[in-house]
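Asks: Build me a model from this:
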Amino acid sequence: MHTVQFSNHRGYGDWKGQVFSAQHITDLIQGLEAQGLAEKCDGILSGYIGDRSIGKVIINTVERFKKINPNLFYLCDPVMGSNDHKRCFVQEDIPPFFKEYLSVADIITPNHFEAEMLYGAKINNTQQLKQAAYFFHQQGIKTVMVTDLQ
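Replies: Alright, predicted model coming up:
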């Protein structure tokens, strides 16, 4: 389900659209649960988070659904910026949110820029990439795929 609807990627500067409310997302998830779909859910994917409160809804949902299905996987794409723009295009409280809750994810797919932000250091070579992957694995993340590595 979409948590935002934007005319274009926020990294391009000018954009139009809205971030849906946390209550709206909660209502949609409750609707899925009422249909018995939590029991059938094998995975959850999250990407761009337009508001920290929506992030909390996602984390709470993942934790609740994992109690129902311990084999459920959570893939988190911690969208915060891009290699092309070399800057964050999310609200200020989103990077700290990802740092705090990233360990809930089984799989993460940050791009190079995002991986450096979450790791807290530059990744300029294979050895540094291995150190970053080890850092993420130490947090309990099973699979790390750094995309658009430059």
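Asks: All the strands of the protein, residue numbers only.
Replies: Taking DSSP state E as the criterion, the chain carries its strands at 4-6, 17-19, 43-46, 73-76, 81-82, 87-88, 107-108, 143-144.
Asks: Which strands or helices does the fourth one pack on?
Replies: Strand 73-76 makes packing contacts with strand 43-46, strand 107-108 when contacts are defined by 3 or more Cβ pairs under 8 Å, 6 or more residues apart in numbering; DSSP states H and E. Just so you know, the C-beta spots here come from the backbone N, C-alpha and C atoms, and that holds for glycine as well.
Asks: For this protein, name the helix or strand with the lowest mean pLDDT.
Replies: Here the helix or strand of the chain ranked lowest by mean pLDDT, DSSP states H and E is strand 87-88, holding a mean of 81.
Asks: Pull the residues that contact that one.
Replies: Gly11, Met80, Gly81, Ile94, Pro95, Met117 (Cβ atoms under 8 Å, 6 or more residues apart in numbering).
Asks: so who does the fourth one touch?
Replies: Ile94 makes contacts with Ile49, Arg52, Gly55, Met80, Cys88, as judged by Cβ under 8 Å, 6+ apart.
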